[in-house]
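Peer 1: any chance you could fold what I've pasted below:
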Amino acid sequence: MNKNKITLSSIGGVAVLVALVVGYLAYGKMTEKSEKIETLDSMKQQVQSINNGKIKPAQDSVDAIEANRKKLASWRAEAFATASRGDIGVVPGMTPDALKQKMVGDAKQIADLPGTAAGKFVKADFDFGFKGIVAGSEMPASDKLELLQRQWADVKMFAETLQGCGAVELTEVVVEEAKVAEPEAPVKGRKGKKVVEKKPMAAAQGYTLKFLARPFAIVGILNAFTECERFVVMDDVSYVRATDALASAVGGKEKPEGGAARPARRGRRGRDAAQENAEEGAGNKKGLVVDPATDVPFTVTMKITVYDFGTKTEQKSDEAKEVAE
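Peer 2: Okay, here's the model as predicted:
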(Lines give C-alpha, C1' and ligand atoms only; values in the text may rest on other atoms or scores of the structure.)
Protein backbone atom coordinates (compact mmCIF):
# COMPACT_ATOMS: atom_id res chain seq x y z
CA MET A 1 0.00 0.00 0.00
CA ASN A 2 1.45 3.36 -0.97
CA LYS A 3 1.75 6.35 1.31
CA ASN A 4 -1.33 8.12 -0.14
CA LYS A 5 -3.61 5.22 0.64
CA ILE A 6 -2.24 4.92 4.12
CA THR A 7 -2.79 8.63 4.71
CA LEU A 8 -6.33 8.50 3.39
CA SER A 9 -7.13 5.43 5.51
CA SER A 10 -5.81 7.12 8.62
CA ILE A 11 -7.82 10.27 7.92
CA GLY A 12 -10.94 8.18 7.33
CA GLY A 13 -10.50 6.26 10.60
CA VAL A 14 -10.01 9.45 12.54
CA ALA A 15 -13.07 10.96 10.89
CA VAL A 16 -15.21 7.96 11.83
CA LEU A 17 -13.93 8.09 15.41
CA VAL A 18 -14.65 11.80 15.63
CA ALA A 19 -18.13 11.21 14.23
CA LEU A 20 -18.80 8.51 16.83
CA VAL A 21 -17.61 10.76 19.64
CA VAL A 22 -19.71 13.67 18.41
CA GLY A 23 -22.73 11.38 18.08
CA TYR A 24 -22.27 10.00 21.57
CA LEU A 25 -21.93 13.48 23.05
CA ALA A 26 -24.98 14.67 21.16
CA TYR A 27 -27.00 11.68 22.38
CA GLY A 28 -25.84 12.31 25.93
CA LYS A 29 -26.87 15.94 25.74
CA MET A 30 -30.28 15.02 24.34
CA THR A 31 -30.82 12.44 27.08
CA GLU A 32 -29.75 14.89 29.79
CA LYS A 33 -32.04 17.53 28.34
CA SER A 34 -34.94 15.10 28.28
CA GLU A 35 -34.35 14.16 31.94
CA LYS A 36 -34.20 17.81 32.93
CA ILE A 37 -37.47 18.46 31.08
CA GLU A 38 -39.15 15.57 32.92
CA THR A 39 -37.80 16.83 36.24
CA LEU A 40 -39.03 20.32 35.49
CA ASP A 41 -42.49 19.02 34.56
CA SER A 42 -42.65 17.02 37.80
CA MET A 43 -41.65 20.06 39.83
CA LYS A 44 -44.29 22.13 38.07
CA GLN A 45 -46.94 19.57 38.94
CA GLN A 46 -45.83 19.60 42.57
CA VAL A 47 -46.00 23.38 42.68
CA GLN A 48 -49.46 23.35 41.10
CA SER A 49 -50.60 20.73 43.61
CA ILE A 50 -49.31 22.85 46.50
CA ASN A 51 -50.94 25.99 45.11
CA ASN A 52 -54.25 24.17 44.71
CA GLY A 53 -54.12 22.70 48.23
CA LYS A 54 -56.04 23.91 51.27
CA ILE A 55 -52.89 25.31 52.86
CA LYS A 56 -51.32 28.06 50.83
CA PRO A 57 -47.52 28.04 50.49
CA ALA A 58 -47.00 31.31 52.32
CA GLN A 59 -45.43 32.50 55.55
CA ASP A 60 -48.88 33.03 57.04
CA SER A 61 -49.56 29.30 56.65
CA VAL A 62 -46.26 28.43 58.31
CA ASP A 63 -47.06 30.74 61.21
CA ALA A 64 -50.57 29.26 61.57
CA ILE A 65 -49.22 25.70 61.59
CA GLU A 66 -46.66 26.60 64.26
CA ALA A 67 -49.36 28.28 66.38
CA ASN A 68 -51.57 25.20 66.10
CA ARG A 69 -48.65 22.97 67.04
CA LYS A 70 -48.03 24.99 70.19
CA LYS A 71 -51.74 24.89 71.10
CA LEU A 72 -51.82 21.11 70.65
CA ALA A 73 -48.69 20.67 72.76
CA SER A 74 -50.16 22.90 75.48
CA TRP A 75 -53.47 21.02 75.43
CA ARG A 76 -51.69 17.66 75.61
CA ALA A 77 -49.58 18.78 78.57
CA GLU A 78 -52.65 20.09 80.39
CA ALA A 79 -54.66 16.93 79.67
CA PHE A 80 -51.80 14.71 80.84
CA ALA A 81 -51.43 16.75 84.03
CA THR A 82 -55.15 16.38 84.73
CA ALA A 83 -55.18 12.65 84.03
CA SER A 84 -52.07 11.96 86.11
CA ARG A 85 -52.80 14.20 89.09
CA GLY A 86 -53.94 11.20 91.12
CA ASP A 87 -50.79 9.14 90.53
CA ILE A 88 -49.50 7.40 93.64
CA GLY A 89 -45.93 7.83 94.75
CA VAL A 90 -44.27 4.97 96.59
CA VAL A 91 -42.34 5.44 99.82
CA PRO A 92 -38.63 4.96 99.12
CA GLY A 93 -36.88 2.49 101.38
CA MET A 94 -40.11 0.72 102.37
CA THR A 95 -39.39 -2.70 103.89
CA PRO A 96 -41.68 -5.75 103.79
CA ASP A 97 -42.22 -5.58 107.55
CA ALA A 98 -43.10 -1.87 107.46
CA LEU A 99 -45.52 -2.35 104.57
CA LYS A 100 -47.26 -5.25 106.32
CA GLN A 101 -47.70 -3.16 109.48
CA LYS A 102 -49.20 -0.33 107.45
CA MET A 103 -51.61 -2.62 105.58
CA VAL A 104 -52.77 -4.35 108.77
CA GLY A 105 -53.16 -1.02 110.57
CA ASP A 106 -55.17 0.54 107.73
CA ALA A 107 -57.32 -2.59 107.51
CA LYS A 108 -58.22 -2.32 111.21
CA GLN A 109 -59.22 1.32 110.79
CA ILE A 110 -61.47 0.49 107.84
CA ALA A 111 -62.93 -2.50 109.70
CA ASP A 112 -64.01 -0.19 112.54
CA LEU A 113 -66.14 1.94 110.23
CA PRO A 114 -69.91 1.52 110.83
CA GLY A 115 -71.92 -0.88 108.68
CA THR A 116 -74.28 -3.84 108.76
CA ALA A 117 -71.70 -6.61 109.31
CA ALA A 118 -72.27 -6.94 113.07
CA GLY A 119 -72.20 -3.16 113.23
CA LYS A 120 -69.00 -2.89 111.16
CA PHE A 121 -68.29 -2.12 107.52
CA VAL A 122 -66.58 -5.48 106.93
CA LYS A 123 -66.76 -8.86 108.61
CA ALA A 124 -64.11 -10.06 111.01
CA ASP A 125 -60.86 -11.19 109.35
CA PHE A 126 -61.79 -9.54 106.04
CA ASP A 127 -58.68 -9.72 103.82
CA PHE A 128 -59.31 -6.79 101.39
CA GLY A 129 -57.95 -8.90 98.53
CA PHE A 130 -54.62 -9.58 100.33
CA LYS A 131 -55.48 -12.73 102.26
CA GLY A 132 -51.99 -13.86 103.12
CA ILE A 133 -50.71 -10.41 104.13
CA VAL A 134 -53.67 -8.70 105.84
CA ALA A 135 -55.37 -11.75 107.35
CA GLY A 136 -52.38 -14.11 107.57
CA SER A 137 -48.71 -14.36 108.40
CA GLU A 138 -47.39 -13.84 104.86
CA MET A 139 -44.91 -11.02 104.28
CA PRO A 140 -45.00 -8.77 101.20
CA ALA A 141 -42.59 -9.87 98.46
CA SER A 142 -39.46 -7.74 98.39
CA ASP A 143 -39.54 -7.43 94.59
CA LYS A 144 -43.17 -6.21 94.58
CA LEU A 145 -43.08 -3.54 97.26
CA GLU A 146 -43.76 -0.64 94.87
CA LEU A 147 -46.65 -2.48 93.17
CA LEU A 148 -48.16 -3.52 96.52
CA GLN A 149 -47.99 0.05 97.81
CA ARG A 150 -50.01 1.31 94.85
CA GLN A 151 -52.47 -1.57 95.01
CA TRP A 152 -53.07 -1.07 98.73
CA ALA A 153 -53.50 2.68 98.28
CA ASP A 154 -56.19 1.97 95.66
CA VAL A 155 -58.02 -0.57 97.82
CA LYS A 156 -57.93 1.76 100.84
CA MET A 157 -59.33 4.58 98.69
CA PHE A 158 -62.09 2.30 97.35
CA ALA A 159 -63.17 1.17 100.81
CA GLU A 160 -63.23 4.69 102.27
CA THR A 161 -65.14 6.02 99.25
CA LEU A 162 -67.75 3.25 99.41
CA GLN A 163 -68.37 3.73 103.12
CA GLY A 164 -68.37 7.51 102.84
CA CYS A 165 -71.00 7.42 100.09
CA GLY A 166 -73.36 5.21 102.09
CA ALA A 167 -72.48 1.60 101.27
CA VAL A 168 -73.36 -0.59 104.26
CA GLU A 169 -70.90 -3.46 103.80
CA LEU A 170 -67.86 -4.38 101.71
CA THR A 171 -68.07 -8.11 101.05
CA GLU A 172 -65.26 -8.87 98.59
CA VAL A 173 -62.21 -7.32 96.95
CA VAL A 174 -60.33 -9.00 94.10
CA VAL A 175 -56.96 -7.55 93.07
CA GLU A 176 -56.28 -8.74 89.56
CA GLU A 177 -52.84 -9.60 88.26
CA ALA A 178 -51.09 -6.41 87.22
CA LYS A 179 -51.06 -5.88 83.46
CA VAL A 180 -47.57 -5.43 82.08
CA ALA A 181 -47.84 -3.13 79.06
CA GLU A 182 -45.34 -4.01 76.33
CA PRO A 183 -43.42 -1.09 74.82
CA GLU A 184 -43.91 -0.27 71.17
CA ALA A 185 -41.51 -1.96 68.77
CA PRO A 186 -38.56 0.22 67.69
CA VAL A 187 -38.83 1.81 64.27
CA LYS A 188 -35.82 2.29 62.01
CA GLY A 189 -35.20 5.74 60.62
CA ARG A 190 -34.41 6.67 57.04
CA LYS A 191 -30.71 5.97 57.47
CA GLY A 192 -31.32 2.72 59.36
CA LYS A 193 -30.77 4.28 62.79
CA LYS A 194 -32.66 2.61 65.64
CA VAL A 195 -35.25 4.82 67.28
CA VAL A 196 -35.64 4.62 71.07
CA GLU A 197 -38.53 2.38 72.14
CA LYS A 198 -41.62 4.21 73.37
CA LYS A 199 -42.67 3.27 76.87
CA PRO A 200 -46.39 2.73 77.61
CA MET A 201 -48.26 5.87 78.67
CA ALA A 202 -49.79 4.32 81.79
CA ALA A 203 -49.82 1.13 83.87
CA ALA A 204 -53.26 -0.50 84.22
CA GLN A 205 -54.44 -2.29 87.35
CA GLY A 206 -57.78 -4.09 87.57
CA TYR A 207 -59.99 -4.60 90.64
CA THR A 208 -63.36 -6.18 91.39
CA LEU A 209 -65.41 -4.80 94.28
CA LYS A 210 -68.48 -6.44 95.75
CA PHE A 211 -70.54 -4.55 98.34
CA LEU A 212 -74.03 -3.86 99.68
CA ALA A 213 -75.60 -0.47 99.01
CA ARG A 214 -78.97 1.18 98.48
CA PRO A 215 -79.83 3.18 95.34
CA PHE A 216 -78.84 6.62 96.66
CA ALA A 217 -75.47 5.24 97.77
CA ILE A 218 -74.84 3.58 94.39
CA VAL A 219 -75.39 6.89 92.61
CA GLY A 220 -73.04 8.66 95.02
CA ILE A 221 -70.35 6.01 94.57
CA LEU A 222 -70.47 6.25 90.77
CA ASN A 223 -70.19 10.03 90.96
CA ALA A 224 -67.33 9.83 93.46
CA PHE A 225 -65.27 7.47 91.30
CA THR A 226 -65.97 9.64 88.25
CA GLU A 227 -64.81 12.83 89.96
CA CYS A 228 -61.87 11.49 91.98
CA GLU A 229 -58.32 12.55 91.11
CA ARG A 230 -57.22 8.96 90.56
CA PHE A 231 -57.77 7.91 86.92
CA VAL A 232 -60.52 5.33 87.49
CA VAL A 233 -62.46 3.63 84.67
CA MET A 234 -65.68 1.75 85.43
CA ASP A 235 -65.54 -1.33 83.21
CA ASP A 236 -68.73 -2.99 84.42
CA VAL A 237 -71.39 -2.45 87.09
CA SER A 238 -74.10 -4.94 88.02
CA TYR A 239 -76.49 -5.12 90.96
CA VAL A 240 -79.15 -7.55 92.19
CA ARG A 241 -81.45 -7.79 95.20
CA ALA A 242 -82.87 -10.92 96.81
CA THR A 243 -86.29 -9.42 97.56
CA ASP A 244 -88.45 -6.78 95.90
CA ALA A 245 -90.29 -4.80 98.57
CA LEU A 246 -92.29 -2.82 95.99
CA ALA A 247 -93.65 -5.99 94.38
CA SER A 248 -94.57 -7.32 97.82
CA ALA A 249 -96.33 -4.08 98.78
CA VAL A 250 -98.56 -4.02 95.67
CA GLY A 251 -99.58 -7.65 96.11
CA GLY A 252 -97.33 -9.44 93.60
CA LYS A 253 -94.82 -12.15 94.30
CA GLU A 254 -91.35 -11.07 95.27
CA LYS A 255 -88.94 -10.97 92.40
CA PRO A 256 -86.22 -13.59 92.96
CA GLU A 257 -82.57 -12.62 92.55
CA GLY A 258 -81.71 -12.68 88.86
CA GLY A 259 -85.22 -13.72 87.83
CA ALA A 260 -88.59 -12.19 87.06
CA ALA A 261 -91.74 -12.20 89.18
CA ARG A 262 -94.72 -14.16 87.86
CA PRO A 263 -98.16 -12.61 88.24
CA ALA A 264 -100.48 -14.51 90.59
CA ARG A 265 -103.35 -16.30 88.88
CA ARG A 266 -106.83 -15.43 90.00
CA GLY A 267 -110.25 -16.31 88.91
CA ARG A 268 -112.76 -13.74 87.73
CA ARG A 269 -114.49 -13.67 91.11
CA GLY A 270 -111.17 -13.12 92.87
CA ARG A 271 -110.24 -10.28 90.51
CA ASP A 272 -113.56 -8.54 91.06
CA ALA A 273 -113.23 -8.80 94.84
CA ALA A 274 -109.64 -7.51 94.72
CA GLN A 275 -110.68 -4.58 92.53
CA GLU A 276 -113.51 -3.65 94.94
CA ASN A 277 -111.17 -3.76 97.93
CA ALA A 278 -108.64 -1.63 96.10
CA GLU A 279 -111.27 0.98 95.20
CA GLU A 280 -112.56 1.09 98.79
CA GLY A 281 -109.11 1.53 100.27
CA ALA A 282 -107.72 3.89 97.65
CA GLY A 283 -108.78 6.97 99.55
CA ASN A 284 -107.26 5.77 102.83
CA LYS A 285 -103.69 5.01 101.56
CA LYS A 286 -101.17 7.76 102.14
CA GLY A 287 -97.38 8.09 101.98
CA LEU A 288 -94.80 5.88 100.34
CA VAL A 289 -95.44 2.28 99.45
CA VAL A 290 -91.71 1.55 99.92
CA ASP A 291 -89.08 3.65 101.68
CA PRO A 292 -85.82 3.42 99.67
CA ALA A 293 -83.81 4.43 102.75
CA THR A 294 -84.89 1.30 104.68
CA ASP A 295 -85.32 -1.12 101.80
CA VAL A 296 -83.09 -4.17 101.38
CA PRO A 297 -79.74 -3.05 99.87
CA PHE A 298 -78.52 -4.20 96.47
CA THR A 299 -75.55 -6.50 96.07
CA VAL A 300 -73.33 -4.48 93.73
CA THR A 301 -70.40 -5.81 91.71
CA MET A 302 -68.01 -3.30 90.13
CA LYS A 303 -65.13 -4.06 87.81
CA ILE A 304 -62.67 -1.17 87.85
CA THR A 305 -59.42 -0.38 86.06
CA VAL A 306 -57.06 2.20 87.54
CA TYR A 307 -54.38 3.85 85.43
CA ASP A 308 -51.15 5.24 86.85
CA PHE A 309 -49.01 7.39 84.55
CA GLY A 310 -45.87 7.07 86.65
CA THR A 311 -45.35 10.80 87.18
CA LYS A 312 -44.62 10.38 90.90
CA THR A 313 -42.16 7.57 90.15
CA GLU A 314 -40.35 9.72 87.59
CA GLN A 315 -40.09 12.56 90.11
CA LYS A 316 -38.53 10.19 92.64
CA SER A 317 -36.04 8.98 90.02
CA ASP A 318 -35.04 12.55 89.10
CA GLU A 319 -34.55 13.43 92.78
CA ALA A 320 -32.38 10.34 93.28
CA LYS A 321 -30.22 11.29 90.27
CA GLU A 322 -29.72 14.83 91.62
CA VAL A 323 -28.65 13.47 95.01
CA ALA A 324 -26.26 11.01 93.35
CA GLU A 325 -24.67 13.76 91.28
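Peer 1: separation between the nearest residue to Asp106 once chain neighbours are set aside and Lys71?
Peer 2: Once flanking residues are discounted, Asp106 sits nearest to Lys156: 5.4 Å by C-beta to C-beta, 6 or more residues apart in numbering. C-betas here are computed from N, CA, C, even on glycine. Going from Lys156 to Lys71 by C-beta to C-beta, to the nearest Å gives 39 Å.
Peer 1: which of those two has more neighbours?
Peer 2: The neighbour comparison of Lys156 against Lys71 (other C-beta atoms under 10 Å) goes to Lys156, with 17 against 10.
Peer 1: that one: helix or strand, and which one exactly?
Peer 2: Assigned by DSSP states H and E, Lys156 falls within helix 145-164.
Peer 1: tell me which residues in stretch 84-92 are buried?
Peer 2: Ser84, Gly86, Asp87, Ile88, Gly89, Val90 (16 or more other C-beta atoms under 10 Å).
Peer 1: one step back: now the helix holding Lys156: average pLDDT?
Peer 2: Average pLDDT, helix 145-164: 95.
Peer 1: so which bits of it are buried?
Peer 2: Those would be 145-146, 148-159, 161-163, for helix 145-164 by 16+ other C-beta under 10 Å.
Peer 1: which secondary structure elements does the helix or strand just after it contact?
Peer 2: In the C-terminal direction, the helix or strand that comes right after helix 145-164 (DSSP H and E) is strand 169-175. Judged by 3 or more C-beta pairs under 8 Å, 6 or more residues apart in numbering; DSSP states H and E, strand 169-175 is in contact with strand 114-117, helix 145-164, strand 203-213.
Peer 1: contact partners of the last one?
Peer 2: Contacts made with strand 203-213 from outside it, assessed by C-beta atoms under 8 Å, 6 or more residues apart in numbering, are listed as 116, 129, 150-151, 154-155, 158, 162, 165-176, 178-179, 181, 221, 235, 297-310.
Peer 1: now the strands for this protein?
Peer 2: In the chain, the strands defined using DSSP state E lie at 114-117, 120, 169-175, 203-213, 231-240, 298-308.
Peer 1: for the closest residue to Ile218 other than its chain neighbours, what are its contacts?
Peer 2: Distances taken as C-beta to C-beta, 6+ apart place Val300 nearest to Ile218, at 6.1 Å, with adjacent residues excluded. Going by C-beta under 8 Å, 6+ apart, Val300 touches Ala167, Leu209, Lys210, Phe211, Leu212, Ala213, Ile218, Ile221, Val237, Ser238, Tyr239.
Peer 1: so Val300 bridges to which residues?
Peer 2: Beta-bridge partners recorded for Val300 (DSSP bridges): Phe211, Tyr239.
Peer 1: about what we covered before: reformat the strands of the chain as TSV; add distance to Lys56.
Peer 2: Listed next are the strands of the chain as TSV, based on distance: least, C-beta to C-beta, whole Å:
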stretch	distance to Lys56
strand 114-117	68
strand 120	71
strand 169-175	57
strand 203-213	44
strand 231-240	41
strand 298-308	42
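Peer 1: can I get those strands in a markdown table with mean pLDDT?
Peer 2: Formatted as a markdown table, the strands of the chain follow (pLDDT from 0 to 100):
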| stretch | mean pLDDT |
| --- | --- |
| strand 114-117 | 94 |
| strand 120 | 95 |
| strand 169-175 | 96 |
| strand 203-213 | 95 |
| strand 231-240 | 94 |
| strand 298-308 | 95 |
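Peer 1: the ones you listed: which one's closest to Asp63?
Peer 2: Closest to Asp63 of the strands of the chain, according to C-beta to C-beta: strand 231-240, at 35.9 Å.
Peer 1: for that closest one, buried residues please.
Peer 2: Within strand 231-240, the residues that qualify as buried are Phe231, Val232, counting by 16+ other C-beta under 10 Å.
Peer 1: okay, the angle between it and strand 298-308?
Peer 2: Calculated by axes from the mean of the first three to the mean of the last three C-alpha atoms, to 10 degrees, strand 231-240 forms an angle of 160 degrees with strand 298-308.
Peer 1: what's strand 231-240 in contact with?
Peer 2: So strand 231-240 is contacted by 83-84, 86, 202, 206, 218, 222, 225-226, 257-258, 298-309 (C-beta under 8 Å, 6+ apart).
Peer 1: what do you get for stretch 115-128?
Peer 2: Stretch 115-128 is contacted from outside by 107, 110-114, 134-136, 155, 159, 163, 167-171, 173, 212, 297, using C-beta under 8 Å, 6+ apart.
Peer 1: among the residues you listed, name the buried ones.
Peer 2: Neighbour counting by 16+ other C-beta under 10 Å classes 107, 110-111, 113, 134, 155, 159, 163, 167-171, 173, 212, 297 among the contacts of stretch 115-128 as buried.
Peer 1: which of the buried residues of stretch 84-92 lies closest to Ile55?
Peer 2: Of all the buried residues of stretch 84-92, Ser84 has the smallest distance to Ile55: 34.0 Å, by C-beta to C-beta.
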